[in-house]
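No letters, just coordinates:
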């Protein structure tokens, strides 16, 4: 199997090279870009498996780079780096679609562990199996895609795993902790806001295909439940 391709978009050379060194030591192919514009160019040319993206970049900032990368490829593995832990709540609220967030200063070994976990999640469904139908959705695990009414939803990897968990257990109330476990195999500290943000994004994407379709419901004090048939307005 070919080595996974990494793109580090970071304007601090010391941090960028440190990350690149650790990633290369794991056998990954690594490119480094020092600004958003060159990072986007490399991403579109090289089609990396995972992008490590700094929030504060000269020129095109990390927020805009993230938006454009997601428009190009909804399934790209994307880990955002930020210098302030308070920024993570804001990033989640913006619903940018990053798969993970890491606050500086960080241990390069932790970053490598997060990258490995992200790659494991993306490869977990590599065995070809027939798509699973749970009307009106179709779950294609091999392609990591979910379609609604025949239209593929533009989901990030985390959104795919979250929606899949809900769809395959209709009527069950899922705690936020359970949904976090479904999205992330590694035991990290991620707050409830992450689940709420992803659910908001899922609701929006579902309603973009079928307006007014309310099928993911909050259960006060417990979590979320998928219901079919959905409640109509």
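Perfect, I can see it now. Small disclaimer: the values here were computed from a predicted structure and weren't measured.

Correct me if wrong: residue 139 contacts residue 165.
No - the criterion here is C-beta atoms under 8 Å, and residue 139 misses it with residue 165 at 10.6 Å. All C-beta spots, glycine's among them, are computed from the backbone N, C-alpha and C.

Quick one: the helices in this structure, in order.
13-25, 36-46, 62-72, 86-94, 108-123, 157-167, 176-183, 192-209 (DSSP state H).

could those helices be laid out in CSV, adding mean pLDDT and mean neighbour count?
Shown next, in CSV, are the helices of the chain (pLDDT from 0 to 100; neighbours: other C-beta atoms under 10 Å):
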stretch, mean pLDDT, mean neighbour count
helix 13-25, 94, 15
helix 36-46, 93, 17
helix 62-72, 88, 18
helix 86-94, 59, 15
helix 108-123, 84, 17
helix 157-167, 88, 22
helix 176-183, 84, 18
helix 192-209, 87, 17
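
Is it possible to get TSV of these that adds distance to residue 217?
Listed next are those as TSV, based on distance: least, C-beta to C-beta, whole Å:
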stretch	distance to residue 217
helix 13-25	41
helix 36-46	37
helix 62-72	26
helix 86-94	21
helix 108-123	26
helix 157-167	10
helix 176-183	13
helix 192-209	10
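
and of these, who's closest to residue 150?
helix 192-209 (9.2 Å; C-beta to C-beta).

how many degrees apart are the closest one and helix 157-167 in direction?
With axes from the mean of the first three to the mean of the last three C-alpha atoms, to 10 degrees applied, the angle from helix 192-209 to helix 157-167 works out at 80 degrees.

Of all the helices of the chain, which one is nearest residue 134?
So among the helices of the chain, helix 157-167 is nearest, using C-beta to C-beta, at 5.1 Å.
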